[in-house]
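Novice: My questions are about this predicted structure, shown below with the sequence.
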Amino acid sequence: MRVLHILQSSRISGAENVVADICMMFEGEHEMMYCSPDGSIRQALADRGVKYFPLKNCVLVR
């Protein structure tokens, strides 16, 4: 199974920590990737070994 987690924040905080933890917990069982606007989140995820796909020119539509 492949799971892409898409979040709107470019920095690590509450929800971002939870998603990073989920990615680490299921490593080896499922293919997990974190996706968000590029920012300080990149290094935080790299430190945890979480695959990251940065978004450029992200526009949030509500």
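Specialist: Here it is on my side, so go on.
Novice: what does the lengthiest helix in the chain contact?
Specialist: When the chain is parsed with DSSP state H, its longest helix is helix 14-25. With contact meaning Cβ atoms under 8 Å, 6 or more residues apart in numbering, helix 14-25 is reached by 5, 7, 9, 12, 32-34, 36, 41, 44-45, 48-51. Heads up, the C-betas are built off the backbone N, CA and C, glycines and all.
Novice: Could you point out the helix or strand that follows it?
Specialist: strand 31-37 (DSSP states H and E).
Novice: Average pLDDT for the very next helix or strand once past that following strand, rounded please.
Specialist: Next helix or strand after strand 31-37 toward the C-terminus (DSSP H and E): helix 41-48. Mean pLDDT, helix 41-48: 96.
Novice: CA-only coordinates of the very next helix or strand once past helix 41-48, as CSV, when you get a sec.
Specialist: Later in the chain than helix 41-48, the nearest helix or strand by DSSP H and E is strand 52-55. What follows is strand 52-55, C-alpha atoms only, in CSV (Å, rounded to 0.1, in the frame of the first residue of the first chain):
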residue,chain,number,x,y,z
TYR,A,52,9.5,13.9,1.7
PHE,A,53,8.0,15.4,-1.4
PRO,A,54,8.2,19.3,-1.2
LEU,A,55,5.5,21.4,-2.9
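Novice: could you give the mean pLDDT of strand 52-55?
Specialist: Rounded mean pLDDT across strand 52-55 is 93.
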